[in-house]
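Participant: Mind looking at a prediction? Sequence and model below.
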Amino acid sequence: MFEWVNRYFEGSILENKPSQIAAFFAFILVAVLFKGILAPLILRLISKIFIRKADSDKNVLSNFILFTQKSIKRFLVFMFFYIAFQQLNFPKSWNLAPSNQFGLHFLLNKSYQVFLVVLFTLFVLRVINFWGLYFMQKARLTESRMDDHIIPYLKEISKVVIVLIILIFTLSNILNLNVNAIITGLGIGGLAVALAGKETLENLFASFTIFLDKPFITGDLVKVDNIIGRVEKVGFRTTRIRTIERSIVTLPNKTMVDKPVDNLTNRATWRAMFELDLTYQTPMPVLKAIRDEIYDYLHQHPRTDENSQVFFSEFSQHALKIQIYYFVITNDFFDFMRVKDEINFKIHEIITHNGAEFAFPTRTIFVKNDEKSPKNS
């Protein structure tokens, strides 16, 4: 392409002809121009063409271009640099080994190729992330929460499969290694342990168990040990839970499989159980009236089921105890708390209306005056 340069320039630089030097700088210039000027123009042009052709999906296409343009630019710019350096030859006086034999030339070529593969892999992973986010947004519009659970999982599986395929391609085609011999030498178990380690492997298998058995899915409210929260993401290694306090707790998948997990979303009701302490000065008729009014109120409430119970449970050291036990018909924790709040206010109103008082731990000391009058002498 640049042979004409040799007619105007004589000599060589490090045994490279003027045409080779010109080609080298030409590709370097193209790389610089592409990154700074050409790439934004080309991407903007492509975006406009796609938007005209597909009006309904114009946001998707334009977002896709914005999401991947940095990866595309990095890949193409480095490719231009790679082509530029391919135009040059190492001086024969250096006595370097040929490119097909181990040496500096061989290492540089393989390094360029591996780096190109890495950039291409990052681009593909970026594409997978984009479509994962796109389908997650679509999934949030549906009533089913199963797709919210499946899509992130499939996204992670796709990324692992792509990385493994590209890794095998790199080992066999670029580094010219015998992949079959490597796998045979390590064994499946040895390869898994070498790549991930025992703990990671256990968490990986636990993620498969969660995905297949579905003890919970993304969006479920669960209780694990003393942690209560909503499942935000189930990954290959960990499960991420957003607690009621709005903090993020990350638990290993093995813990989610080995520990008892209470899926609170699957319950039809939430239980409230507590005791009221009334003073010993409360007359028995008033105590009975309070118990009966609370019982009637709970059975008439539209959000509680028919199993509500109210008992005068015991005589404690400092109070007469009334035990209250009811279920709120909801599977949402905060809805349950709102109903419980309403019921608590009504119970307080019933107690104060009947003239009773709440008891608290107190101790009364009676002092007996047993002093004798002094005798007259």
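Facilitator: Cool, got the structure.
Participant: Now do the helices in the stretch 201-350 of the chain.
Facilitator: In the stretch 201-350 of the chain, the segments counted as helices under DSSP state H, counting those that start in this stretch are 253-258, 284-300, 333-353.
Participant: Rebuild those helices as JSON lines, extending it with mean neighbour count.
Facilitator: C-betas here are computed from N, CA, C, even on glycine. Shown next, in JSON lines, are the helices of the stretch 201-350 of the chain (neighbours: other CB atoms under 10 Å):
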{"stretch": "helix 253-258", "mean neighbour count": "18"}
{"stretch": "helix 284-300", "mean neighbour count": "16"}
{"stretch": "helix 333-353", "mean neighbour count": "15"}
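Participant: Return the member of these having the minimum mean pLDDT.
Facilitator: Among the helices of the stretch 201-350 of the chain, helix 253-258 carries the lowest mean pLDDT, a mean of 88.
Participant: what's that one in contact with?
Facilitator: With contact meaning CB atoms under 8 Å, 6 or more residues apart in numbering, helix 253-258 is reached by 199, 202-204, 206-207, 209-210, 215-216, 224, 234-239.
Participant: among those, which ones are buried?
Facilitator: Listed as buried from these are 202-204, 206-207, 210, 216, 224, 234-239; burial here means 16 or more other CB atoms under 10 Å.
Participant: Distance from stretch 283-295 to the middle of the chain?
Facilitator: Between the centre of stretch 283-295 and the centre of its chain there are 51 Å (CA atoms, centre = their mean, to the nearest Å).
Participant: wait, stretch 133-140
Facilitator: With CA atoms, centre = their mean as the basis, stretch 133-140 stands 14 Å off its chain's centre.
Participant: pLDDT of it, averaged?
Facilitator: 76.
Participant: what separates Val32 from Pro252, distance-wise?
Facilitator: Distance, Val32 to Pro252, by CB to CB, to the nearest Å: 47 Å.
Participant: more crowded one of those two?
Facilitator: Ranked by neighbour count (other CB atoms under 10 Å), Val32 and Pro252 place Pro252 first, with 17 against 14.
Participant: Wait, the more buried one touches Arg237, no?
Facilitator: Yes. Shown here, Pro252 and Arg237 form a contact pair, counting by CB atoms under 8 Å, at 6.9 Å.
Participant: hey, what's in contact with both of those two?
Facilitator: Asn203.
Participant: Flag every buried residue along stretch 70-84.
Facilitator: Those would be 71-73, 75-84, for stretch 70-84 by 16+ other CB under 10 Å.
Participant: Quick check: which ranges of the stretch 51-200 of the chain have low pLDDT?
Facilitator: 51-67, 90-105, 143-149, 179-198 (pLDDT under 70).
Participant: switch the cut-off to 80
Facilitator: Scanning the stretch 51-200 of the chain with the threshold set as pLDDT under 80 gives 51-76, 80, 82, 84-109, 133-153, 172-200.
Participant: what's the residue positioned nearest the centre of the chain in contact with, if anything?
Facilitator: Nearest to the geometric centre of the chain sits Lys233, at 3.8 Å (CA atoms, centre = their mean). Residues near Lys233 by CB under 8 Å, 6+ apart: 152, 218, 239-240.
Participant: so which of those comes closest to Thr265?
Facilitator: Of all these, Thr218 has the smallest distance to Thr265: 10.9 Å, by CB to CB.
Participant: Neighbours of the closest one, how many?
Facilitator: By the measure other CB under 10 Å, the count of residues near Thr218 is 22.
Participant: before we move on, what about Ala272?
Facilitator: Residues near Ala272, counting by other CB under 10 Å: 19.
Participant: how much space between it and His301?
Facilitator: From Ala272 across to His301, the span is 12 Å (CB to CB).
Participant: Determine the residues that are contacts of both of those two.
Facilitator: Common neighbours of Ala272 and His301 (CB under 8 Å, 6+ apart) are Ile343.
Participant: With adjacent residues omitted, what lies nearest to Leu108?
Facilitator: What sits nearest to Leu108 in space, not counting adjacent residues and going by CB to CB, 6 or more residues apart in numbering, is Phe85, at 7.9 Å.
Participant: Secondary structure of that neighbour: a helix, I assume?
Facilitator: Yes. Assignment of Phe85 by DSSP: H, G, I helix; E, B strand; the rest coil places it within a helix.
Participant: Surely it touches Phe24?
Facilitator: Yes. Phe85 is within contact range of Phe24, at 7.2 Å (criterion: CB under 8 Å).
Participant: Settle it for me: which of those two has more neighbours?
Facilitator: Phe24 (19 against 13).
Participant: For that one, give its distance to Leu88.
Facilitator: As judged by CB to CB, Phe24 and Leu88 stand 6 Å apart.
Participant: And for Met79?
Facilitator: Going from Met79 to Leu88 by CB to CB gives 16 Å.
Participant: Next: Phe130.
Facilitator: Taking CB to CB, one finds Phe130 at 37 Å from Leu88.
Participant: Could you do Val339 as well?
Facilitator: As for Val339, its distance to Leu88 is 77 Å (criterion: CB to CB).
Participant: now Asp296
Facilitator: According to CB to CB, Asp296 stands 94 Å off from Leu88.
Participant: Over to Phe211?
Facilitator: Phe211 sits 52 Å away from Leu88, going by CB to CB.
Participant: Likewise for Glu342?
Facilitator: Taking CB to CB as the measure, Glu342 falls 81 Å from Leu88.
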